[in-house]
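J.: Here is the input, now give the coordinates:
(2 chains)
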Amino acid sequence: MSLVSDAAQKTTPLYGEHLRLGAKMIPFGDWIMPVQYSSIMEEHQAVRNDVGVFDISHMGQLVATGPKAGGWLNEMLTNNTGKLEAGSGQYTFLLNENGGIIDDLIVYRTGPEEYLLVVNASGTEGDFAWLNERLIDDVKLENRSAEYGGLAIQGPRVIELFQAFFGNEVELPARNQIKAFDYNGTKLTIARTGYTGEDGVEVFFPATDATMVWNEVLEKGKALGIRPCGLGARDTLRLEMCYPLNGSDLSPKRNPIEAGLGFFVDLKKPKFIGRDVLVAAKEKGTAERLVAVRMKAKGPPPRPHYPVSREGERIGELTSGTLSPSLNQGIGMAYISSAHAGVGTELEIEIRGQKFPAIIEKKPLYKKS
Amino acid sequence: MNVPDDLFYTESHEWVRREGENARVGITDHAQAELTDVVYVELPKVGAQAEARGQIAVVESVKAASDIYAPVKGTVIEVNKALESNPALINTDPFGEGWIFVLKMDSPDDVKKLKDAAAYRAAIG
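T.: Below is the predicted model of the structure:
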């Protein structure tokens, strides 16, 4: 076998902590990030059963301010920012003129005239440039990514961890809400969101305080069974929930309707970039659809780009795939021609020249019992 | 990292135990530690002809599929069926229960072209 070595790239403020914990580091876009500390399986189970912490300092933070910021963002993004009260957020898309997905992100209204966009690491520069080119008077847009560190703390025991920080009287923000808390001389901006299907938060703070916050979380979480978790577990957790990964399941050639994410597009809005294409996609349907698949028998795990066929005819390919640690079965997502994209459809997935039976499942693939 | 003295090694992290005319093959402790969580092993077929450094099996972790290469030229005479139901044996006992296949070597002296334990230890730092 061959083992890949790392070429040094962009690092987060927690790089030294990851090395100290013995993490295996891999390139991820421009970044070098931990893929696992001990075992993807164990990290995955920690999040499903107790609590896990992920370094998400690589993610981007763009801040839009000004009296017209909300109205302007509503024309740049698919979901309806007009519905956001101060202190709340929503999942949304940044589209190109063809309705293709530039990025998926969460936009928070952090003040009456202030919005925080948390974007994918690989999208940060491009998103900022795209938005800047379309900026209007009276809106200020800043790329503040370098100033912030971030952690995702995910799992059913997150509330207990929060109480260990702030006592039993203080309440966690509700689902999709965001709030700032003072802690140990720093400001923690805490949002009740995540990418795992478990209860959890994403926390942002000044990059200079990253090591302190990370170590406080690990120390206070020790009694709760906390584990540091890498990109490996992040991928298995999100894929069990069928949350898309930009660059794999989403791309500038795919629109949110064919990705099955029309819920986060408000077609009632009179104007936003890509609207016409999405209206047509919604009315006429799309040639392909992103579906969830499960392998029917034990076998090699499915992987991105494996061909998908039905009765010998090629009908698509996987965009994501892994062995699900929770189900102990191969799972994935694939764009399939819409004629064959119904739940319950039997498929074959080709792995190294051999075909293995699979079935289209309802999303999400993992349901908490 | 465990590197037993009585085995031979490849640059691609396979180990070889010479058993007379035969070579028992697996992946090293270092390799399994890098992979972690082996979840599937695609075994070679008994009777398959193996070329030295030719791809012969696949070991899959949650994250990736890794090719396994035949350390020497020969014929596959035995495969470790236990890995079909318990691929994690590669993690728990890489030099023992986690062996992958046995080759009948065309030229048993070929093992002398492989690394000894000291050279492999130096290679993995």
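J.: what residues does chain A put near chain B?
T.: For chain A, the contact set with chain B under CB under 8 Å from any CB of the partner chain comprises A:1-3, A:24, A:35-36, A:38-41, A:232, A:235-236, A:299-301, A:303, A:322-323, A:325, A:352. Where you see a C-beta, it was placed from the backbone N, CA and C, and this is true even at glycine.
J.: mind listing which of those are in helices?
T.: Judged by DSSP state H, helices contain the following of the residues of chain A next to chain B: A:40-41, A:232, A:235-236.
J.: Nearest to A:Leu135 among those?
T.: Using CB to CB, A:Asp235 comes nearest to A:Leu135 of those, at 34.1 Å.
J.: Contacts only, for the nearest residue to the closest one once chain neighbours are set aside.
T.: Closest residue to A:Asp235 apart from its sequence neighbours, by CB to CB, 6 or more residues apart in numbering or on different chains: A:Thr322 at 6.5 Å. By CB atoms under 8 Å, 6 or more residues apart in numbering or on different chains, the residues touching A:Thr322 are A:235-236, A:239, A:301-303, A:330-332, B:62-63.
J.: which one of these is nearest B:Thr28?
T.: For the contacts of A:Thr322, the nearest to B:Thr28 is B:Lys63 (18.5 Å; CB to CB).
J.: close enough to count as contact, that closest one and A:Phe28?
T.: No - counting by CB atoms under 8 Å, A:Phe28 is not a contact partner of B:Lys63; they are 12.0 Å apart.
J.: how about the strands in chain B?
T.: Applying DSSP state E to chain B gives strands spanning B:8-9, B:14-19, B:22-27, B:38-42, B:49-50, B:55-61, B:65-69, B:74-79, B:101-105.
J.: Tell me the gap between the last one and the middle of its chain.
T.: On the basis of CA atoms, centre = their mean, to the nearest Å, strand B:101-105 is displaced by 10 Å from the centre of the chain it belongs to.
J.: on that earlier part again, among the contacts of A:Thr322, who's most crowded?
T.: The residue in those with the most neighbours, by other CB atoms under 10 Å in any protein chain shown, is A:Gly332 (28 neighbours).
J.: Could you report the pLDDT at A:Ser2?
T.: Per-residue confidence at A:Ser2 stands at 55 (pLDDT).
J.: likewise A:Glu361?
T.: At A:Glu361, pLDDT is 98.
J.: sorry, back to before: distance to A:Asn79 and mean neighbour count for the strands of chain B - can I get that in a markdown table?
T.: As requested, these are exported to a markdown table (distance: least, CB to CB, whole Å; neighbours: other CB atoms under 10 Å in any protein chain shown):
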| stretch | distance to A:Asn79 | mean neighbour count |
| --- | --- | --- |
| strand B:8-9 | 56 | 24 |
| strand B:14-19 | 52 | 20 |
| strand B:22-27 | 48 | 24 |
| strand B:38-42 | 37 | 22 |
| strand B:49-50 | 56 | 20 |
| strand B:55-61 | 37 | 22 |
| strand B:65-69 | 37 | 19 |
| strand B:74-79 | 53 | 18 |
| strand B:101-105 | 54 | 22 |
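J.: What are the buried residues along stretch A:335-346?
T.: A:335-337, A:340-341, A:345 (16 or more other CB atoms under 10 Å in any protein chain shown).
J.: Identify the residue nearest A:Ser326 in space, chain neighbours excluded?
T.: Nearest residue to A:Ser326, sequence neighbours excluded (CB to CB, 6+ apart): A:Tyr366, at 5.1 Å.
J.: Ok, A:Glu350 next?
T.: Of all residues not flanking A:Glu350 in the chain, A:Pro307 sits nearest, at 4.4 Å (CB to CB, 6+ apart).
J.: and that neighbour, bridged to which residues?
T.: A:Glu317 (DSSP bridges).
J.: I'd assumed A:Gly321 was in contact with it.
T.: No - using CB under 8 Å, A:Pro307 makes no contact with A:Gly321, being 11.8 Å away.
J.: Settle it for me: which of the two has more neighbours?
T.: For A:Pro307 and A:Gly321, the more surrounded residue by other CB under 10 Å is A:Gly321, and the numbers stand at 25 against 15.
J.: Quick check: bridge partners of the more buried one?
T.: Beta-bridge pairing for A:Gly321 (DSSP bridges): A:Gly332.
J.: Distance check, it against A:Met333.
T.: 8 Å (CB to CB, to the nearest Å).
J.: Overlap of the contact sets of these two?
T.: With CB under 8 Å, 6+ apart as the test, A:Gly321 and A:Met333 both reach A:Leu239.
J.: can you pull the contacts of A:Glu348?
T.: Taking CB under 8 Å, 6+ apart, we find A:Glu348 in contact with A:308-310, A:355-358.
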